[in-house]
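**Q** quick one, fold the following:
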Amino acid sequence: MLWQTQLFLLVCLWTIAYAFAIVHAIKYKSHGIPALSVALNYAWEVLATIYYREYVGIVWCLVDTVIVYFIIKEYKRQKLQLIISLLSFVICSVACGLFFEHTVVPGLNGFVFICFLIDLIMAADFVYEISFGKIAVNPITLCIAFFKLLGDYMAWNMYRRNKIILAIGLCVLVLNIIYLIVVCIRLTRRNDVRHKD
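**A** Numbers count the residues shown, from 1 in each chain. Below is the predicted model:
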């Protein structure tokens, strides 16, 4: 029962983060989730939808398709970013396909393990993008960061008995907290500058 409750919360939290990412794209005409992260996540979700055939996967895949549309629209002039994202999508798809049912970590199938590796890459990608000013900082960015942190924590908490997932989850948690703190600091500074004017 606890596992199902955690899964339900994870789905809700990430769906809220996705919804904020779409609102961000519409309102600010820019991405709220880095293109590399979207590509990796989309690859995993497409394959998960095909494999698991659950409604949640289908809904997430559809929502991610909207986010992919906005990423492509934003980056259509930046060919290198699109090529990197496309290659990431292909590589992740192949990796997920190859390790789909294989046990690469004791007690965990390869597909779930790759999901956690993707989370780690995504968390690092968010920190990288915010560090170099590639993500616009605004209240919606803060909401994405907050719900992403909670969603990732919930996923990690579900599998924390596995020592490798525990280590990956702790790294993701630290990176997500760093991202949230940087967003808060930049948002506060931006608001301070506005009040001085």
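
**Q** buried sites along stretch 4-11?
**A** By 16 or more other C-beta atoms under 10 Å, the buried positions in stretch 4-11 come out as 6, 9-11. (C-beta placed from N, C-alpha, C; glycine too.)

**Q** for it, what is the distance to the chain centroid?
**A** Offset of stretch 4-11 from its chain centre (C-alpha atoms, centre = their mean, to the nearest Å): 16 Å.

**Q** I'd like to know the average pLDDT value across it.
**A** The pLDDT scores in stretch 4-11 average 83.

**Q** same question for stretch 111-131.
**A** Stretch 111-131 comes out with an average pLDDT of 87.

**Q** and what of stretch 138-158?
**A** pLDDT averaged over stretch 138-158 gives 91.

**Q** what segments of this protein are strands?
**A** Ranges of strands in the chain, per DSSP state E, are 103-105, 108-109.

**Q** and those, which one is worst for confidence?
**A** Lowest mean pLDDT within the strands of the chain: strand 103-105, a mean of 57.

**Q** what's the burial count for the closest residue to Asp119 other than its chain neighbours?
**A** Excluding its sequence neighbours, the residue lying closest to Asp119 (C-beta to C-beta, 6 or more residues apart in numbering) is Val172, at 5.1 Å. Counted with other C-beta atoms under 10 Å, the neighbours of Val172 add up to 25.

**Q** which secondary structure elements does the lengthiest helix in the chain contact?
**A** For the chain, the longest helix by residue count, based on DSSP state H, is helix 163-196. Applying 3 or more C-beta pairs under 8 Å, 6 or more residues apart in numbering; DSSP states H and E, we find helix 163-196 packed against helix 110-131, helix 139-159.

**Q** just how off-centre is the shortest one within its chain?
**A** When you say that, I think you mean helix 139-159. Computed by C-alpha atoms, centre = their mean, the chain-centroid distance of helix 139-159 equals 9 Å.

**Q** then stretch 25-41?
**A** 10 Å.

**Q** and stretch 157-176, by the same measure?
**A** How far stretch 157-176 lies from its chain's middle: 15 Å, per C-alpha atoms, centre = their mean.

**Q** now swap in stretch 171-190 and tell me
**A** Computed by C-alpha atoms, centre = their mean, the chain-centroid distance of stretch 171-190 equals 15 Å.

**Q** report the rounded mean pLDDT for it.
**A** 93.

**Q** report the buried residues of that stretch.
**A** For stretch 171-190, by 16+ other C-beta under 10 Å, it's 171-173, 175-176, 178-180, 182-183, 186-187.

**Q** perfect, that will be all.
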